[in-house]
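here is a sequence with its predicted model. Questions after.
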Amino acid sequence: MSTVIKTDGLTKRFPRVTALDQLTVEVRPGVVGLVGSNGAGKSTLIKILLGLAPATAGTGEVLGLDIATEGPAIRELVGYMPEHDCLPPDVSATEFVVHMARMAGLPAAAARERTADTLRHVGLYEERYRPMGGYSTGMKQRVKLAQALVHDPKLVLLDEPTNGLDPVGRDDMLALIRRVYTDFGISVLVTTHLLGELERTCDHLVVIDGGRLLRSSSTASFTEATQLLAVEVTDHPDDLTLDADAAVRERLTAAGLSVRPDSSRVLLVDIRDDETYDIVRDTVADLGLGLVRLEQRRHRVAEIFTDEVPATDEVPAAEAAPTIDNNALTGGTADVTAS
Amino acid sequence: MSLPPESRTPDTGVIHNIGYRAYAGPRLGRSYATRSLFVQSLRAAYGLGRSGKSKVLPMLMLALPVLVAVIVVVVAIMRKSDQLSTDYPQFPSILALLVEIFLAAQAPVLLSRDLRNNTVPLYFSRPITRGDYVRAKFAAMVSAMMIVMGAPLVVLYLGSMLAGQNLGHNTGHFLIGLVTALLYALVYSSIGLLIAASTPRRGFGVASIMGVLVVSNIIAGIVYALSGGPHGGDITQSSDWAAVISPSMLVESFVNQVFTLATDTGAVRAPGAFGAVVFAVEIAVIIAGSYWLVDRRYRKI
């Protein structure tokens, strides 16, 4: 199957708000990230794709089935992992996932077998016989993923699967999601409002905002537009008055490179060609500074969006209400505008 | 899975990662899923598949009526009487409190639990529709109530056979008893599920259901007593209209009138043929109305 999800002018209007606005998107097999802030229309889109809510206008297909008329057939072949907690605390994972497998139409024996398999694949072992009320967030997320996979769907829709997980749990979950496609052969649509974690996991990103499609393209094209070099230098050992960063920046700019600060001590240099490395090395050596960091970096997906968002929207807000949150958020932006 | 015997290696206790296996078997679709939900809900109503603690109350509510029935039978056999001391259709009314406790405790188990745990969206992301969900839950609740009320009736019936009583009379009244139990089950389940569907909080659901049933019963009892109270025989009295207030009295008096039962006792009866029709309509409205409201409530999720 060449397309997993296809929508054409999909629109969903509620009395007060337009949740989806003329969304036309085509998703191929793979891991696809659906990105958008809260209220961007991600959940509404999932509901419509599952055939649970009718679209106001437009058409759509999931696995070649029409969303308006073939909802039950779609739901038989699609798995859904909701964002919120959905596990009864007084039931064991095995009992629960078996039940959900039968709800998907699997005969009793097959449901048991697939449950054992699936729980093992998501990394739940002995604890699967215990009531789920005592599970950690990571374990609960695994059970939620297992119930979405247990009937061997062709596509799973994962709504914020890394919510509430610690960094290690997050990495585990992302690796698991990657495996769902590479090892299990199940296409994945995963939503998040955190961009950073998607660029490692997804082949393709669909970005929506206010119900409209901002961009749909491969992850590579988001991140490989330009290669960057992160440079960090020490202060001058003798001349403490020298602003090392500024000096390096000045010299590199003079050499015709485009330079901008990243975090406090890191400079980002656009890589023109192999010579760029030599220029940076020589510049730092000439100034008599120590080179702490010289690493290749790709553009982060998030940068593309911060670039697209007009900075003027955020800076005055931070000035008007200088709360800690706002300062932390706009700190980076302010730096950019100042330089 | 089934390897030929010659290739089987001794069990070394090592778990091998056999990788992901796709599922190529049958997918049985909507009606199978609805049936599975029905079975699971019926089991859940008795605490099966849940913690041991949650089995205590429903099993007790199932055991007590059966125990009462056994006692009635034993007494009848010992006294060699030609009739059971309790008529079948009256048995559910006598056990009303136990049945009400069962309903109040278990209706929230079927609906409020799914609401509270947010499990409902998981069902609707599968082949079953919202209508299927409501249908399965209603069927499960009615069936669970039928088991609670039907089991003692079966014990009574078998006991009467054992005591060598009149087969025809017992069979007839046993069947009327089952019809009575079904009416109770339908009316009670409707009210219980309607309340349970409106709240994700189990404790609140239990208290509300119990409250509605007990308070309506008390009010009906007061009105009944104030407007003349019990009276024997076939005389139709205005006090019988009090039964419209209480679901349990409603069913009891409807059955008593339609099957001309309990004519010699002071039991409530629907006032005349007209009263029976009004009561029947009220029963139908309670059942259909509750079902419609619950169904509509799930359309919004």
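Great, that's in hand.

could you use CA atoms for every contact and neighbour count after this?
Noted.

show me the residue at the heart of the chain, geometrically.
No chain was given, so I picked chain A. The centroid of chain A falls nearest to A:L198 when counting by Cα atoms, centre = their mean (3.0 Å).

tell me how many other residues surround the nearest residue to that residue once chain neighbours are set aside.
Leaving aside its sequence neighbours, A:L198 sits nearest to A:G33 (Cα to Cα, 6 or more residues apart in numbering or on different chains; 6.4 Å). Using other Cα atoms under 10 Å in any protein chain shown, A:G33 has 27 other residues around it.

what's opposite A:G33 in the beta bridge?
As for beta bridges, A:G33 partners with A:V190, A:L205 under DSSP bridges.

list the residues that contact it.
Listed by Cα atoms under 8 Å, 6 or more residues apart in numbering or on different chains, the contact partners of A:G33 are A:L189, A:V190, A:T191, A:T192, A:L198, A:C202, A:D203, A:H204, A:L205, A:V206.

just A:V122 next, same as before
Counted by Cα under 8 Å, 6+ apart, A:V122 has contacts A:R142, A:V143, A:L145, A:A146, A:L176.

mind checking pLDDT for it?
If you check A:V122, the pLDDT there is 92.

secondary structure element holding A:M173?
helix A:167-182 (DSSP states H and E).

ok, B:G177 touching B:P89?
Yes - between B:G177 and B:P89 there is a contact under Cα atoms under 8 Å: 3.9 Å.

contact residues of the stretch 1-150 of chain A facing chain B?
Selection of the stretch 1-150 of chain A residues close to chain B by Cα under 8 Å from any Cα of the partner chain yields A:50, A:52, A:71-76, A:79-82, A:84-91, A:95, A:99-100, A:102-107, A:110, A:117, A:121.

what is the burial count for B:V258?
15.

can you give me the buried ones in the helix or strand encompassing B:V251?
Of the helices and strands defined by DSSP H and E, B:V251 is found in helix B:247-258. Across helix B:247-258, burial judged by 16 or more other Cα atoms under 10 Å in any protein chain shown covers B:P247, B:S248, B:M249, B:L250, B:V251, B:E252, B:S253, B:F254, B:V255, B:N256, B:Q257.

which members of those are the farthest-apart pair?
Greatest spatial distance in the buried residues of helix B:247-258: B:P247 and B:Q257, 15.5 Å, computed using Cα to Cα.

what pairs with A:A57 across the strands?
Following DSSP bridges, A:A57 is listed with bridge partners A:T11.

show me the strands in the stretch 101-250 of chain A, by range?
A:155-159, A:187-192, A:204-209, A:212-218, A:227-233 (DSSP state E, counting those that start in this stretch).

list the buried ones in stretch B:281-300?
Neighbour counts using 16+ other Cα under 10 Å place B:E282, B:I283, B:I286, B:I287, B:S290, B:Y291, B:V294, B:D295, B:Y298 of stretch B:281-300 among the buried residues.

ok, the fourth one to chain A distance?
Computed as Cα to the nearest Cα, to the nearest Å, the B:I287 to chain A distance reads 27 Å.

hang on, B:A140 is in a helix, isn't it?
Yes - B:A140: assigned to a helix according to DSSP: H, G, I helix; E, B strand; the rest coil.

which intervals of the stretch 151-300 of chain A have sub-threshold pLDDT?
Applying pLDDT under 70 to the stretch 151-300 of chain A picks out residues A:196, A:222-226, A:298-300.

identify the farthest-apart pair in the contacts of A:G33.
A:T192 and A:D203 (14.6 Å).

with neighbour numbers in mind, choose between those two.
The neighbour count for A:T192 versus A:D203, taken as other Cα under 10 Å, is higher for A:T192 (22 against 19).

ok, that one touching A:E160?
Yes - using Cα under 8 Å, A:T192 makes contact with A:E160 at a distance of 5.0 Å.

I'd like to know which elements whatever helix or strand comes next after the helix holding B:V251 is packed against.
Downstream of helix B:247-258, the next assigned helix or strand under DSSP H and E is helix B:272-299. If you count contacts as 3 or more Cα pairs under 8 Å, 6 or more residues apart in numbering or on different chains; DSSP states H and E, helix B:272-299 packs onto helix B:130-162, helix B:167-197, helix B:247-258.

neighbours of A:E70, how many?
A:E70, neighbours per other Cα under 10 Å, totals 15.

any chance of the strands of the stretch 101-250 of chain A in JSON lines, with distance to B:S36 too?
Shown next, in JSON lines, are the strands of the stretch 101-250 of chain A (distance: least, Cα to Cα, whole Å):
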{"stretch": "strand A:155-159", "distance to B:S36": "23"}
{"stretch": "strand A:187-192", "distance to B:S36": "28"}
{"stretch": "strand A:204-209", "distance to B:S36": "37"}
{"stretch": "strand A:212-218", "distance to B:S36": "40"}
{"stretch": "strand A:227-233", "distance to B:S36": "55"}
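
which among the ones you listed is found nearest to B:A140?
strand A:155-159 (30.5 Å).

okay, the angle between the helix holding A:M173 and strand A:155-159?
Put simply, helix A:167-182 runs at 160 degrees to strand A:155-159, going by axes from the mean of the first three to the mean of the last three Cα atoms, to 10 degrees.
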